[in-house]
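**Student:** Predicted structure and sequence below. I'll ask about it afterward.
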Amino acid sequence: MKPQIEKMPALQRVFLGECRTVAEVRLVAKESQQIKVLGICADATVLSAECLSQEIFFDGKLNVKAIVQDNEGNIASLNYANDFADKFKNNVITADTKADMPCEVVDLTYTLQDNVINAKCVVVCKVFALLCDECDVLTDCDDLLVKKHEALLCEQKSGIKKDFVIVDEVELKHDFSKILLAETTTVLNSLVCEQGVVTAKGEFFTCVTYMRDDKDIRSTVIKTPFDEEFSSLDADDDCVAIGHVKTKNTKVCIEMSEENAKEFSLEISAQLVANVFKTEKRTFVCDAFSLKNHTQQNSKILHSCFPKEYLCYETSVNIVEQVSGVDEILCVTNPGVNIQKTSCVDSTLFIDGVVNANLLFVSEEKVLSCPLKMGFKAKVQIGADLLCEVSNACVTQISVKMVRGVINADFGLKFGINCFECKKHTVITNVQLLEEKQNDDCAIEILVGKKGMTAWDLQKYLGTSYEDLLACNSDLVLPLEQDKKILVYRKIN
C-alpha cells in the first residue's frame, strides 16, 4: 500500500542556549538613617520574549530585597524592582515565534554609599524557542507500523499573562513586635489546560524574618498553596500550556490594635506567563522502515517535545561551617537554590546545584553575617528518558544549631520538575518508493516485543552485533514503552 503524504503541524520546544544579562537596582534609605546591610537577595523574571528573525528580544523585572540596620539598632527591610531588557542572538531559529525563558540570579554584588544601595545582578536565562513547524509526514500506513501522536494545531495558539493574589492567614508560635522581611518563592506543581481553561496548581514558600518582644530575631518558612483557573481558548477546545508562575510582591498585614500579636496575613501577588496551543489527537506518521527502500538524503528525524508532567521532589542538604566568635545565632536570610546542571540517563534525572544563604549572628555585641554555601547532587526517578528541567527550586525548611563553635545548618529543598516527552518522528519528503522487497543487506522479521525491551535484549534475540543492529534498525525507538508487534531488519551475513 502506498503511503500518502500530508502536511502536519508539530510543536517543538528547541533549546537555543543560555543568555547572560546584567540588571541593576537602586535602594534608597531615609536621610535620617545611617544604615549597614545585614542581608540582600534578588530574583528575576522574563515577562515577554519574542523571536524576530535570528534575534530574541526580551524584557523582564528584577526584584531586590535588603535587610538593613540603622545606627540606633533598628532593623528594617528595603525592596525595589527595576525593569530590564536585552536581546539574544541565535543561529538556529529564523522564524518569528515565541520564546520561553526561565531565569535565575547567579551573582549579586552591591555598594553602599550615602545610605544608597546600588545592587548589580547577573541574570542567566535558559532560552527555549516554541516552534510550530509544518512537516511532510506519511499517513495511511500498515496498521502494524502506525503510531499515535498528538498533533498541535499551531495557528490557534494564544498567550496568557495574568496577575492574581493569594491571601494566607498565619499564626506564629511566638509573639512578635515587628516583621522584618518576607521573601517568597514559587513551586509550580502542575499546569493543565482542559476545554480552554488553564489551571495552575502549586505552592508559595515564604521565609518570614521577625523580631520578638525581647529583640530576639527568628525566621520561619510558611507554605501557601494556590489553585487558580484562567480562561484561554473557546470552552470546547483541548489544549496544552507551557509556562511558569512567579511571585511579584509579598505584603505582610498586621492588626495594629493587638498587643503581643501572633497572627498576621500574607498577601502574595503573582503572575502566570504561559503559551497555549490547541490540540487535536490524530493517528499519523509511519516509521521509516515501512518503506523498504527510499531516498535516504530526503529523510530526516524530527524530535517534537510535548509537555508530559510536573514532578515534585524533596531532599535536604546539611552545611557544616566553623565560625569563631559567635555569641548568639539570630537567623538565616536569603536562602536560595541555584540549579547548575541537569541530565537524564537510564530513566533517572540527575540534578547538580548549590544551596546558599547568609547567617546573621551576634559577636561582641555586633550583628555580623557569614555566607553558608554547599554544593549538592540529587537523583530523581522519572520512569522514562524524558527532557526535563528544574523550573522551580526553593528552600522549604531551615534548622540551625551551634555546638562548640561549629554551625550545623539543615536546609529542606523542594524542586518543581518540568518534563517533556520527545517523540521521534520520521519525516520523509519527495518519497521515491521502489519495489517492495528486502534490500541487499538486511532481512525483514516481525516479532512481538515486550515492554522495556532494550537494544541489548534485541541484540541477543537476533544474534547480531550492536553495529549491525544500528545499521538495520536506526529508526527503532528503544526501550519499548509497551508490548507491541515490531518490524526489525536482521543483518544478512
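**Tutor:** Perfect, I can see it now.

**Student:** Alpha carbons of stretch 171-184, as PDB, please.
**Tutor:** Extracted C-alpha coordinates of stretch 171-184, given in PDB (Å, rounded to 0.1, in the frame of the first residue of the first chain):
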ATOM      1  CA  GLU A 171      -0.200  32.200  63.200                       C
ATOM      2  CA  LEU A 172       3.400  32.100  64.700                       C
ATOM      3  CA  LYS A 173       4.500  30.100  67.700                       C
ATOM      4  CA  HIS A 174       5.800  33.200  69.400                       C
ATOM      5  CA  ASP A 175       4.600  36.800  69.900                       C
ATOM      6  CA  PHE A 176       6.300  39.300  67.700                       C
ATOM      7  CA  SER A 177       6.900  43.000  67.600                       C
ATOM      8  CA  LYS A 178       7.900  43.500  64.000                       C
ATOM      9  CA  ILE A 179       8.100  41.600  60.700                       C
ATOM     10  CA  LEU A 180      11.500  42.400  59.200                       C
ATOM     11  CA  LEU A 181      11.400  40.600  55.900                       C
ATOM     12  CA  ALA A 182       9.100  38.300  53.800                       C
ATOM     13  CA  GLU A 183      10.700  36.500  50.800                       C
ATOM     14  CA  THR A 184       8.500  34.300  48.600                       C
END
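
**Student:** heads up, I number from 41, so please use that
**Tutor:** Okay, residue one is now 41; in that scheme the one you just asked about reads as stretch 211-224.

**Student:** what is the mean pLDDT for that stretch?
**Tutor:** If you average the pLDDT over stretch 211-224, you get 82.

**Student:** Kindly report the same for stretch 59-77.
**Tutor:** 81.

**Student:** before we move on, what about stretch 130-141?
**Tutor:** Taken as a whole, stretch 130-141 has an average pLDDT of 72.

**Student:** And stretch 94-114, by the same measure?
**Tutor:** For stretch 94-114, the mean per-residue pLDDT is 82.

**Student:** Now it - C-alpha only, PDB.
**Tutor:** The C-alpha coordinates for stretch 94-114 follow below in PDB (Å, rounded to 0.1, in the frame of the first residue of the first chain):
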ATOM      1  CA  GLN A  94      17.500  35.500  14.300                       C
ATOM      2  CA  GLU A  95      17.300  37.600  17.500                       C
ATOM      3  CA  ILE A  96      15.200  37.100  20.600                       C
ATOM      4  CA  PHE A  97      14.100  40.400  22.300                       C
ATOM      5  CA  PHE A  98      13.100  40.000  25.900                       C
ATOM      6  CA  ASP A  99      12.100  42.200  28.800                       C
ATOM      7  CA  GLY A 100      11.700  41.300  32.500                       C
ATOM      8  CA  LYS A 101      11.700  42.500  36.100                       C
ATOM      9  CA  LEU A 102      14.500  42.300  38.700                       C
ATOM     10  CA  ASN A 103      13.300  42.300  42.400                       C
ATOM     11  CA  VAL A 104      15.900  43.100  45.100                       C
ATOM     12  CA  LYS A 105      15.200  43.000  48.900                       C
ATOM     13  CA  ALA A 106      17.700  44.000  51.700                       C
ATOM     14  CA  ILE A 107      17.700  43.800  55.500                       C
ATOM     15  CA  VAL A 108      19.400  46.900  56.900                       C
ATOM     16  CA  GLN A 109      20.200  48.200  60.400                       C
ATOM     17  CA  ASP A 110      20.400  51.800  61.400                       C
ATOM     18  CA  ASN A 111      22.800  53.400  63.900                       C
ATOM     19  CA  GLU A 112      20.100  53.000  66.700                       C
ATOM     20  CA  GLY A 113      20.000  49.300  66.200                       C
ATOM     21  CA  ASN A 114      16.600  49.200  64.400                       C
END
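
**Student:** for it, which positions count as buried?
**Tutor:** 96, 98, 100-110 (16 or more other CB atoms under 10 Å). Just so you know, the C-beta spots here come from the backbone N, C-alpha and C atoms, and that holds for glycine as well.

**Student:** Of the residues you listed, which belong to strands?
**Tutor:** The strands, defined by DSSP state E, take in 96, 98, 100-109 from the buried residues of stretch 94-114.

**Student:** what about stretch 401-420, distance to the chain center?
**Tutor:** Relative to the centre of its chain, stretch 401-420 is centred 25 Å away, using CA atoms, centre = their mean, to the nearest Å.

**Student:** Let's test this: mean pLDDT of it, rounded?
**Tutor:** For stretch 401-420, mean pLDDT is 83.

**Student:** picking that back up, please identify which of the buried residues of stretch 94-114 is nearest to His284.
**Tutor:** Of all the buried residues of stretch 94-114, Gly100 has the smallest distance to His284: 12.0 Å, by CB to CB.
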